[in-house]
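Trainee: fold the following for me, if possible:
(2 chains)
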Amino acid sequence: MAGRTPLYAQHLQAGAKLTEFAGWEMPLYYDGILVERNSVRTRIGLFDLCHMGQIQVEGAGAEDLVDYLVCSDVGSLVPGQARYSLFCNEAGGIVDDLVVFRGAERLRLVVNAFRREADLAWMERWRPSGSEVEVLDLTGKAGLLALQGPYAEEVLSPLVGDLSSLAYYHFREGCLGGQPCLVSRTGYTGEDGFEVFLEGEAIREGWDALQKAVIGCGGRLCGLGARDLLRLEAGYPLWGNEIDEETDPFVAGLGWVVEVDKAKFVGQDALSRIKQSVPERRLVVIVVEGPRVPRHGAAIFAEGAQVGFITSGSFSPLTESGAGLGYVKKEWAAAGTAVQVDIAGRRYSAQVRSRPLYRGSVGRGRQLKD
Amino acid sequence: MYPAELRYSRSHEWLRVEGKRAVVGITHYAAGELGDVTYLELPDPGVSVMRGDSFGVVESIKAVEDLVSPVSGQIVEANAPLISSLETINRDPHGEGWLVVVEMEDASELQELMTAEQYEAFVEEGGE
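Mentor: Sure, this is the predicted structure:
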């Protein structure tokens, strides 16, 4: 039976249409994927992210272990700073993408729900024997909520304290309804927004307070359907679609995450080599002519021959059409290239566009210093 | 939820008998499973269908589904205006969201369909 987050009853009460995702029963939508996506783009939306993997690393050697596993320089992070990074395998393939939250004494990793078990096994494999590092799976005990949209700061500040000085990819302690929490300026939607870490009863109480504030200002509860459309428009990858153990960061447009010259880490040699080479294919945006949705795995054609495949697809109000991401051979990757996509056995005209389809309010606060 | 005067198929179409004709649409359950409909393909009047044949396509962000005819006969009407007002299918799937009218060949095929009560139980058990 699929797991339920602490907010399951709340979702039912709010009329959520549930779906099973990565072994969890989650809201796919409440009123509809498109209205919820619109709410995040224009106002604000509230998401339950309690299904995501949360792994705490603490004790002697915690920072070293995390630094050895991710392709970003963890040593240079200060407490209160977060970083998007990758676990890579020895061939340079991506084991998972994650966010590292660097606290004073410990680090917290937020990983894909679907990859949590694989990530824990990966960390166990590279843990030095005799090490005193503690790797704790907090999933299901620690909660995570996301408040995303251009009004997020305005709505959340009265509840947790002024957020105007909280820079992008930074976090700090706060208090929500008398309960301690962590608030980070991170997200997966392409809009400005925050993720709120809560524990125990504070998860439900926090949700109730945030729901009231969000609905009160004309925002919406949002499900995983809207979350996927938002991240797709913003050009963010999803493990299992754009990235996986056979895909390196460079071909996926994530070369900026890889610091090949940092201290030794898993995959460093392979990544250094791959960085020097020219990828044969590129991750691009595909916009379909018309409303048909390009689906994961669909073939992309040019001049009658297959030149790539779709990794993720949806219907986007930005183009009022089907749109998605996909890999195409580099010769066909220029923006404006005409291609065709197989949808349900028929070929539909489409166009390559450069990523991302959309740039929103995300990164607000990027200029602020610690 | 499921009007008593309609009949229902295992592939989540409903049917309303009007003499020799059958008005066909997708059920509230099917519309809910899809979410917002983003694309609809309907046949031209004159097309013949057998019971179980696909007569069109309905699509949403979540899924794409064939529309399956619950009876054999000839499509005599298709609700073409629906294509420029797809939200009607989600808003009123059993009424204004009707899809086609079929001139039935063999009324005995109606016996294969479920009553509202049977369909409600079918959906409650997972709808498959």
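
Trainee: which residues does the longest helix belonging to chain B contact?
Mentor: Identified as the longest helix of chain B according to DSSP state H is helix B:116-124. Outside helix B:116-124, the residues that touch it by CB atoms under 8 Å, 6 or more residues apart in numbering or on different chains are B:1-4, B:6, B:8, B:10, B:27, B:29, B:114. Every C-beta, even on glycine, is put in place using the N, C-alpha and C of the backbone.

Trainee: so is the host helix or strand of residue A:36 next to chain B?
Mentor: Using DSSP states H and E, residue A:36 sits in helix A:33-42. Yes: judged by CB under 8 Å from any CB of the partner chain, helix A:33-42 comes into contact with chain B through A:33-34.

Trainee: for that helix, name the packing helices and strands.
Mentor: In terms of contacts (3 or more CB pairs under 8 Å, 6 or more residues apart in numbering or on different chains; DSSP states H and E), helix A:33-42 is packed against strand A:220-221, helix A:224-233.

Trainee: quick one: distance of the first one to the chain centre.
Mentor: Right, strand A:220-221. Distance of strand A:220-221 from the chain centroid (CA atoms, centre = their mean, to the nearest Å) equals 19 Å.

Trainee: just checking: what are the partner strands of it?
Mentor: Looking at strand A:220-221 with DSSP bridges, its partner strands are strand A:45-48 (parallel).

Trainee: could you list the paired strands of the helix or strand following the partner strand along with their orientation?
Mentor: Proceeding N to C from strand A:45-48, the next assigned helix or strand is strand A:53-58, under DSSP H and E. When pairing is defined by DSSP bridges, strand A:53-58 lines up against strand A:106-111 (antiparallel), strand A:134-137 (antiparallel).

Trainee: the helix or strand hosting residue B:33 near chain A anywhere?
Mentor: Residue B:33 is part of helix B:28-34, with elements assigned from DSSP H and E. Yes: Helix B:28-34 lies within reach of chain A by CB under 8 Å from any CB, at residue B:32.

Trainee: ok, now stretch B:6-17?
Mentor: No: on the criterion CB under 8 Å from any CB, stretch B:6-17 is out of touch with chain A, staying 15.3 Å away.

Trainee: show me the contacts for the residue minimising distance to the centre of chain B.
Mentor: Nearest to the geometric centre of chain B sits residue B:25, at 2.7 Å (CA atoms, centre = their mean). Applying CB under 8 Å, 6+ apart, we find residue B:25 in contact with B:13-14, B:89, B:93-94, B:97-99.

Trainee: in its sheet, what does the helix or strand that it is a member of sit against?
Mentor: Per DSSP H and E: residue B:25 is located in strand B:21-26. Using DSSP bridges, strand B:21-26 pairs in its sheet with strand B:13-18 (antiparallel), strand B:100-104 (antiparallel).

Trainee: and those: which comes nearest residue A:320?
Mentor: Closest of those to residue A:320 is strand B:100-104, at 26.2 Å (criterion: CB to CB).

Trainee: mind giving me the ChimeraX select for the contacts of helix B:116-124, buried ones only?
Mentor: In ChimeraX syntax, the buried subset of the contacts of helix B:116-124 is picked out as below (16 or more other CB atoms under 10 Å in any protein chain shown):
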select /B:2,6,8,27,29,114
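
Trainee: re the thing from before, counting by contacts, list what the helix holding residue B:33 packs against.
Mentor: Taking 3+ CB pairs under 8 Å, 6+ apart as the contact cut, helix B:28-34 packs with strand B:54-60, helix B:87-91.

Trainee: shaky segments in the chain?
Mentor: Looking at chain A here, since you left the chain open. A:365-370 (pLDDT under 70).

Trainee: switch to chain B, please.
Mentor: For chain B (pLDDT under 70), the answer is none.

Trainee: before we move on, the earlier item: and the strand holding residue B:25, what's buried?
Mentor: Quick answer for strand B:21-26 (16+ other CB under 10 Å): B:21-26.
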